[in-house]
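A.B. asks: Sequence first, predicted coordinates after that:
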Amino acid sequence: MNSLWNFFASVRLAIVILCIIAFTSIFGTLIPQGNSFEWYVNFFSHISFSGTPLGPDTGQRFAVITTLLDIDKMYSSWWYYLFLTILIINLIVCSIDRIPTVLKQIKMDNLSFTQARLDKMKLNRQISLQNTDTQSIMSSLETIVSSLGWKTQKSPTNQAMLFSEKSPWSRMGVYIVHLSILVIFAGALIGNLLGFKASVMLPETRQTDIVYSTKDSSAVNLGFTVRCDSFTLEYYDNGMPKEYMSELTVLENGKEVKKAHIEVNKPLRYNGITFYQASYEPYQDFVVTLKDIQQSVTTKLLTPFQQQIKWPEGNLSYGVINADSIQNRLARMKIWVSDSANPPQTFWVKPNEETPFQINDKKYTIYVKQMFATGLQVAQDPGVWVVYLGCLLMLVGLYVSFFMSHRKIWFVVKNSGSATSIIMYGTTNKNKMGFTTVFQSLADNIEQQITA
Amino acid sequence: MDSSFILGVTTLTYLFSTVLYLIVFLFKSNKVGVFATWFTLASFIFQTFGVCLRWYESYKLGFGHAPLTNMYESLVFFSWTIIALYLYLEFKYKVRTLGIFIVPFAFLSMAYGSLAPEINRDISPLIPALQSNWLISHVVTCFIGYAAFALAAGMGIMYLAKSAQSDNKKQSGLLATLPELPVIDDIIHKTMIFGFIWLSGGIITGAVWANSAWGTYWSWDPKETWSLITWFFYAITLHARYTRGLNGKVIAWLAVIGLIFVLFTYYGVNFLLSGLHSYGSQ
């Protein structure tokens, strides 16, 4: 038991396991993840060393190894989880093993240090004085040292000793970092167990209350309904995509409860579930909005290409009979309208623009847009704030463990016959060079003030 | 005068800085040293102006964004950060002989960005995924980390050069003016820590951004994975130093090897592996 504990408490294990995780992680970046067996056969067959591809037989063999060892989904494979588990156990055991010692160092009784122990300290400095009265030296030393930002402690037994220390708790910094990694893992675990990652392709004007899990494509019930009112694609002048956006409506029991405009980087949150604009799919169909201005009635109808649609309230039939596109972008559509009493009209309209038209003296407007399905990434992750907390904790811990150190200074007043002097001793657990500078300038300061 | 002209000139001025620091190193001329510092500082200010101008130009083109969005802009920023950190280091330690081990990185980064045919130097608008407030903080944190690791590697080379000489017991001229080995070791350690904290910050800002854009803070995308591998590498190095007392040559070598990981994360992944960061290769 003890040897098992020591095994997990060793830093050597930490270094080895970190090396293993770092090294094996490389494979998942070289071999694309999450594809089918056939895909890997093809992938390996075409890999070539010195010009000749491996060929289907070797490709097959590599593909078998890849799927057998779960390298095709290595970051969720049993062996990768095993490494992470060992790392976690190592972190916990290592910390539990060392924290008592560190607490002892933090709470150590520094005033009971013997002179022999102080004499071993490499960093020391002697300040010679004219004054020989230990008590008055001690009291002025105390004032000076505290005025320079070092809080002093007096020894109850040794009248000639003062002690001062800074940030003893900084010794815990590295354990804060270890804890932060555990917190991040805990957050990831919470997200895995209680949350889900899913996606859905939702055509305009349609609604859904289920989405499909990214893991296994199983249906996930949202508990409410979400409708895509419209999807819009904007371009820069040079043809690059500028923005993908969707207008979404959330419905509960058929009632609209929330409307939201989402873009990439601007998701919709509802009931702990977040909808991200992820992708889109264009259709051959159109969404046409017609308005009868006199009667002020409006309709929004799904209109397949080259198909006649009836709008009874507006007493109109219409259709999109032709469409031009430039570089895959819809440029204009030809509309056919008829109110049965008059001869039909045809005219061109631009996409996403309200265009007025008239049949005799009846005024209408028409708004035509290409139909899209919006690709939504849907996520519920109650662990994400735990992960963020862990990240914050990590930065705090890194700062404490690298930039703060436990610095200790002792002051001993010595009388040897006619000569009196203060001897300063200093130690720190980190950044010895930096502390030496601080120590010397502190000593300079004290020397200047106390001899003045 | 536009930003590409200014940044092109910066490439040349950093080349000249490199030459100046080489002279400082070879001939230990203090006069040249002072000139090298001021010249490098002037180049740095000039480059800062070029970066700001490029930012302004992007607004004039109608799609303003910080110049941190493609490989060229990142190379410029990489060299900018290296020089910024270097000047700070020179100011703090008052040693100009460090220059020849660091400034060439900034020159090489600029030269590659300015001259390589596969690098697109146009100011282009942002694709939707990049339109986020996290862009600046993510790129800046990452590149401060990368630049610090470049400095640590430069110092590592310096350490190895000097220690090779003292091994030979030839205490002659050239490397004698370099700082003492423990001092170099200390600088390596400090820059590495500095880089490690910023790399951690870069990974964290990237995770937060990914979560706000895609709903997943970690997806084992090659760039993410390689940044984690790099993070592990430096974590291992720091543990080796703290708990096993490694320092000197071993750490110097690790600082140099670390830069290979950094460069692969930064550059290699974009060109050799596919993933979410592929726009960085344009």
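C.D. replies: On my side now, so go ahead.

A.B. asks: What residue in the stretch 101-250 of chain B comes nearest to chain A?
C.D. replies: Going by C-beta to the nearest C-beta, chain A is nearest to B:Gly215 of the stretch 101-250 of chain B, at 3.4 Å. For the C-beta atoms, the positions are set from N, CA and C on the backbone; glycine is no exception.

A.B. asks: Tell me who's in contact with that residue.
C.D. replies: Residues in contact with B:Gly215, defined by C-beta atoms under 8 Å, 6 or more residues apart in numbering or on different chains, are A:197, A:267, A:274, A:276, A:377-379, A:381.

A.B. asks: do the same with B:Phe78
C.D. replies: B:106, B:109, B:143, B:146-147, B:150, B:266.

A.B. asks: Would you map the helices across chain B?
C.D. replies: B:3-27, B:30-60, B:71-93, B:99-115, B:134-167, B:181-214, B:222-244, B:249-263, B:269-272 (DSSP state H).

A.B. asks: I'd like those helices as TSV, with distance to A:Ser76 appended.
C.D. replies: As requested, those are arranged in TSV below (distance: least, C-beta to C-beta, whole Å):
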stretch	distance to A:Ser76
helix B:3-27	44
helix B:30-60	41
helix B:71-93	31
helix B:99-115	37
helix B:134-167	26
helix B:181-214	18
helix B:222-244	13
helix B:249-263	24
helix B:269-272	21
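
A.B. asks: Which of those has the lowest mean pLDDT?
C.D. replies: Comparing mean pLDDT over those, the weakest stretch is helix B:269-272, at a mean of 80.

A.B. asks: so the closest residue to A:Ala219 other than its chain neighbours is in which element?
C.D. replies: What sits nearest to A:Ala219 in space, not counting adjacent residues and going by C-beta to C-beta, 6 or more residues apart in numbering or on different chains, is A:Ile210, at 4.6 Å. In the assignment (DSSP states H and E), A:Ile210 maps to strand A:207-213.

A.B. asks: Who are the packing partners of that strand?
C.D. replies: strand A:196-203, strand A:219-235 (3 or more C-beta pairs under 8 Å, 6 or more residues apart in numbering or on different chains; DSSP states H and E).

A.B. asks: right, so the ones you listed: which one is the most enclosed?
C.D. replies: Among the helices and strands packed on strand A:207-213, strand A:196-203 has the highest mean neighbour count (mean count of other C-beta atoms under 10 Å in any protein chain shown), at a mean of 20.

A.B. asks: pLDDT averaged over it - what is it?
C.D. replies: Here the average pLDDT along strand A:196-203 is 93.

A.B. asks: Is any residue of that strand near chain B?
C.D. replies: Yes. Contact of strand A:196-203 with chain B (C-beta under 8 Å from any C-beta of the partner chain) involves A:Lys197.

A.B. asks: what distance separates that strand from the centre of its chain?
C.D. replies: Distance of strand A:196-203 from its chain centroid, counting by C-alpha atoms, centre = their mean, to the nearest Å, is 21 Å.

A.B. asks: got it, and stretch A:158-167?
C.D. replies: Counting by C-alpha atoms, centre = their mean, stretch A:158-167 comes out at 45 Å from the chain centroid.

A.B. asks: List the contacts of it.
C.D. replies: With contacts defined as C-beta under 8 Å, 6+ apart, stretch A:158-167 is touched by A:110-111, A:134-135, A:138, A:141-142, A:145, A:150-155, A:404-414.

A.B. asks: just the buried members of the residues you listed?
C.D. replies: A:110, A:138, A:141-142, A:145, A:150, A:152, A:155, A:404-413 (16 or more other C-beta atoms under 10 Å in any protein chain shown).

A.B. asks: Residue 65: what's it in contact with?
C.D. replies: Chain wasn't specified; assuming chain A. Neighbours of A:Ile65 in contact, by C-beta under 8 Å, 6+ apart: A:Ile71.

A.B. asks: Let me rephrase: I mean chain B.
C.D. replies: Counted by C-beta under 8 Å, 6+ apart, B:His65 has contacts B:55, B:58, B:125-126, B:130-131, B:135.

A.B. asks: Let me have the residues you listed in CSV, extended by neighbour count and distance to A:Pro56.
C.D. replies: Shown next, in CSV, are the contacts of B:His65 (neighbours: other C-beta atoms under 10 Å in any protein chain shown; distance: C-beta to C-beta, whole Å):
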residue, neighbour count, distance to A:Pro56
B:Trp55, 17, 52
B:Ser58, 21, 50
B:Pro125, 20, 44
B:Leu126, 22, 43
B:Leu130, 21, 40
B:Gln131, 19, 44
B:Leu135, 19, 44
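
A.B. asks: Among those residues, find me the one that's closest to A:Val250.
C.D. replies: B:Gln131 (24.4 Å; C-beta to C-beta).

A.B. asks: Skipping its backbone neighbours, what lies nearest that closest one in space?
C.D. replies: With C-beta to C-beta, 6+ apart, the residue lying closest to B:Gln131 is A:Asn265, at 5.9 Å.

A.B. asks: what do you get for A:Lys242?
C.D. replies: A:Glu234 (4.3 Å).

A.B. asks: just to revisit the earlier point, out of the buried ones among the contacts of stretch A:158-167, list just those in strands.
C.D. replies: When DSSP state E is applied, the buried ones among the contacts of stretch A:158-167 are split such that A:152, A:407-413 fall in strands.

A.B. asks: for those residues, which one is nearest chain B?
C.D. replies: Distance to chain B, by C-beta to the nearest C-beta, is smallest for A:Arg407 among those, at 16.8 Å.

A.B. asks: quick one: pLDDT of the closest one?
C.D. replies: Looking at A:Arg407, its pLDDT is 94.

A.B. asks: Confirm for me that it is in contact with A:Phe435.
C.D. replies: Yes. With contact defined as C-beta atoms under 8 Å, A:Arg407 and A:Phe435 form a contacting pair (5.7 Å).

A.B. asks: Quick one: the helices in chain A, in order.
C.D. replies: Going by DSSP H, chain A shows helices at A:2-9, A:11-30, A:37-45, A:55-68, A:78-107, A:115-119, A:134-147, A:173-194, A:384-403, A:432-451.
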